[in-house]
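A.B. asks: Take this sequence and fold it.
(3 chains)
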Amino acid sequence: MLKDITIGQYFPGSSLIHRLDPRFKIVMTVIYILMLFTGSRLSCLIVGAVYTVMAVLLSKIPMKMFMKSVKPLMPFLLITALINLFLVGTGATVYKWRFINITEDGINISIFMVIRIVLLIMGSSLLTYTTSPITLTDAIERLLTPLKKLKFPVHELAMMMSIALRFIPTLIEETEKIMSAQKARGAEIDTGSFMTRAKNMAAILVPLFISSFRRADELATAMECRCYHGGEGRTRLRQLRSSPRDYTALAVTIVFYAAAIVIAHI
Amino acid sequence: MAILETQGLTYTYSQGTPFEKTAVDHVDLKIEEGEMVGVMGHTGSGKSTLIQHFNGLLRPTSGKVLLDGRDIWEDKAKIREVRFQVGLVFQYPEYQIFEETVYKDIAFGPKNMGLDDAEIKRRVLATAHDIGLKEELLDRSPFELSGGQKRRVAIAGVMAMEPKVLILDEPTAGLDPAGRDKILSHIKAYHERTKNTTLIVSHSMEDIAGFADKILVMNKAKLFCYDDTEKVFGRAEEISAIGLDVPQVTKVFLELKKRGLDFGKEVYTVGYARDLLIKQLKEREGQ
Amino acid sequence: MDEMIQIRDLHFSYSAGEGETEPAEEVLKGIDLTIKRGEFVAVLGHNGSGKSTLAKHINAILLPTSGKVTVEGIDTADEERIYELRQKAGMVFQNPDNQIVSSIVEEDVAFALENLGVPYEEMRQRVDESLKAVNMYEYRQHSPSQLSGGQKQRIAIAGVIAMQPDCIILDEPTAMLDPQGRREVMATIKQMNEEKGITIVLITHYMDEAAQSGRIVVMDKGRVVLDGAPREVFSHVEQVKSIGLDVPQATELAWELRRAGYEMPEDILTEQECTEAIMELFRS
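C.D. replies: Modelled structure (predicted):
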């Protein structure tokens, strides 16, 4: 049950999008977000929509998966749509009943907002679907390297992130074990009153915390034994190499962005 | 009458996905009341999955588990009762300790059973004695204890539920020889006092050879054999072939047999081997 | 230089906590030990005998309260040379899960090399060689969570070998493994010793593992009580058993028969030797 949770929702593959340099993918995602925010008319989103569909097709990940990523946010989308529908008062009135005043602008903005959010989710999902969490962490570390000069702990954050990713499966397995052990002692975790359940949560969380601290302590010693001393002077086995393919993809993205700007200003 | 019985017990993980794997495959088994059973098999043989069916932590994909002749899944609401009757001690049980005192941690199971304070106290004291924990330790924090003591606290926590069947999954894992002998002797003493059915899972034939009445061997999700200890050791070569360790002294006697010295007995402890050899040597001298 | 590790009059106690006036009891009470290049030494002792504490002194995780430890002439107390020391004396720990840093096998093997700033081309080569040496090359892209305990320990060993150490200290590397995993790890350790000539210090409480080494150092209550070849050490059956350790069953059976007045050699270790000696008894 707990094992079924996929972290980062990475779908291994070898499509064009999978093979792009993760640093470029992050930069392109940022440009893509900017692209979606160039204008406030529906027509401005056409460029973004075309770009998204193209990228999704190239990634060879079924459209269904993207719909799945949008699903949990449906309530949020609905509320956004309704707020805009009811609160936007400008433009010609389409429907009026007592204090409710729905205008043409309201309808347009609602649709616009919903599409923009859906595209945002799809675009960022594409990044996490095609890039493993560890690669993503690595790329972020390298993109943020200039910040090291400002004493921002880039390496430390990335190391913490990658250790967290490394230990997620271990801790999930451990949690399952402890849950079974406490169930065998009659602890009710799925049933029972709120109070007994809260008490029984302690029976799971206390051992989990203790073991996590022990693990952290042992890991720190093991890292020291392997000469870890922070990010200074470190070399890396994982080489991120950009190829003409990455530059082409970036250029295409910039062209789309430019198109979006042009449309927004017509 | 058999206290635990399985009929065609089968369990398949992640059924319907590409990761589908049958961990227990049509196991038929009868464990008689009061027996001490050693459960063996290497990692992935299905032995851990099998024992988790005995107290209803896992539900069979097909087949049945009978406790005292009744299907434990007959009434799903009563599965918690089954867990009190079949106590399961997991591997490295010290990692499940969470209360502030040893006493409270041992009392956790009995408390969940809804017993009154006087009964809980009686049980905690009795099991602490069985497992060799001194009374003055009961008010201490379990986290101050040594590794071996912590493990005994955790085992006591399950024993205190006074289950009809006690199952211990590798109770000696990671312990040094002295710690291992201590735990095993306490489990033996508990078994002798309560006469409760006890199952010990172990990788080491040496550990269980000394006192198990019967040995159950799992291999590749199937029941390889379930028989009297002596008979199982009679198949030492087959057991060795499926990757389990056979005691060195058993290997010595297998070799002796090959070279023409057959004593007609299965040997699996040093003490027995010594007595047998001395007896045979004396007989020869007498002739 | 023939001496790999030199330990001279090593004393160690954990410093007393605040407010405690009594000094904590010494964990190591004067250890003198010399380990030669290429040796395979097993340090055998029960929990609390001080064997793990001793191991942690060899690569400066712990520093002596008094006395001196040197590895290839480097004093472990010399802070300037600590990375050089740790590169020469690598360490493998008991819990395979708590020493793997990366979510990808080959990156974990590279971890020490990344820290030491080894250039990419050389790193790539050393990582591949190390993975091949422990027979885990085909798993290089796997996540450690997909591996068995024995495989994880072999990855940890590969991570140490990649540093090209002169010596590997293994602190109960098999305690959490099943028999299959134990066999894999022991085979790997022996191979490293025999083929690469790496000095091995194996901390263990399993006598059958110690029996595979070239020399056993038995520890009890912070002291070295026996030191010699496995045959010689296990021939002290009574002493070994009295400090809570096992001897091989073959050795024990021979000892029992000898006690009962039968003629059995004192240095029996393997089942073949035991079988032969018993056959001899029945022949005469």
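
A.B. asks: For chain B, what's its nearest residue on chain C.
C.D. replies: At 3.3 Å from chain B, C:G244 is the closest residue in chain C, using CB to the nearest CB. C-beta: built from backbone N, CA, C; applies to glycine.

A.B. asks: Now do the contacts for residue 243.
C.D. replies: Chain wasn't specified; assuming chain A. The neighbourhood of A:S243, defined by CB atoms under 8 Å, 6 or more residues apart in numbering or on different chains, consists of A:D21.

A.B. asks: You answered for a different chain; I wanted chain C.
C.D. replies: Shown in contact with C:I243 (CB under 8 Å, 6+ apart): C:45-46, C:49, C:218, C:220, C:225.

A.B. asks: With C:V225 instead?
C.D. replies: Contacts of C:V225 (CB under 8 Å, 6+ apart): C:218-219, C:239, C:243.

A.B. asks: what do you get for C:G90?
C.D. replies: So C:G90 contacts A:225-226, C:59, C:112, C:160-161, C:163, C:165, C:167-169 (CB under 8 Å, 6+ apart).

A.B. asks: Please give the element, helix or strand, for it.
C.D. replies: strand C:89-92 (DSSP states H and E).

A.B. asks: Walk me through which strands that strand pairs with, and which way each runs.
C.D. replies: Note on strand C:89-92: by DSSP bridges, its sheet partners are strand C:167-171 (parallel).

A.B. asks: is any part of the following helix or strand past the strand it pairs with close to chain B?
C.D. replies: Sequence order places helix C:179-196 as the next helix or strand after strand C:167-171, per DSSP H and E. Yes: residues of helix C:179-196 contacting chain B under CB under 8 Å from any CB of the partner chain: C:179-181.

A.B. asks: And those residues, which is closest to A:A260?
C.D. replies: Set against A:A260, the nearest of these by CB to CB is C:G181 (57.4 Å).

A.B. asks: if I pick that closest one, what's in contact with it?
C.D. replies: B:43, C:148-151, C:153, C:174.

A.B. asks: By neighbours, which of the residues you listed wins?
C.D. replies: Using other CB atoms under 10 Å in any protein chain shown as the neighbour criterion, C:Q153 leads these with 30 neighbours.

A.B. asks: Need the CA coordinates for the host helix or strand of A:M35. CSV is fine.
C.D. replies: Here A:M35 sits within helix A:22-36, counting by DSSP H and E. C-alpha atoms of helix A:22-36 as CSV (Å, rounded to 0.1, in the frame of the first residue of the first chain):
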residue,chain,number,x,y,z
PRO,A,22,17.9,18.5,-17.3
ARG,A,23,19.4,22.0,-16.9
PHE,A,24,17.9,23.0,-20.2
LYS,A,25,14.6,21.4,-19.3
ILE,A,26,14.4,23.5,-16.2
VAL,A,27,15.2,26.7,-18.1
MET,A,28,12.7,25.8,-20.7
THR,A,29,10.1,25.2,-18.1
VAL,A,30,10.7,28.6,-16.7
ILE,A,31,10.4,30.2,-20.2
TYR,A,32,7.2,28.2,-20.7
ILE,A,33,5.7,29.6,-17.5
LEU,A,34,6.6,33.1,-18.6
MET,A,35,5.0,32.3,-22.0
LEU,A,36,1.7,31.5,-20.2
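
A.B. asks: got the contact list for C:L131?
C.D. replies: Shown in contact with C:L131 (CB under 8 Å, 6+ apart): C:105-106, C:109, C:137, C:139-140, C:158.

A.B. asks: export these to TSV and tack on secondary structure, pLDDT and distance to chain A?
C.D. replies: Below are the contacts of C:L131 laid out as TSV (DSSP: H, G, I helix; E, B strand; the rest coil; pLDDT from 0 to 100; distance: CB to the nearest CB, whole Å):
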residue	secondary structure	pLDDT	distance to chain A
C:V105	helix	95	11
C:E106	helix	95	7
C:V109	helix	97	8
C:Y137	helix	96	15
C:Y139	helix	95	15
C:R140	coil	93	10
C:A158	helix	97	12
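
A.B. asks: For chain B, tell me which of those show up nearby.
C.D. replies: Counting by CB under 8 Å from any CB, no member of those reaches chain B.

A.B. asks: By neighbour count, which of those wins?
C.D. replies: Greatest neighbour count in those, by other CB under 10 Å, goes to C:V109: 30 neighbours.
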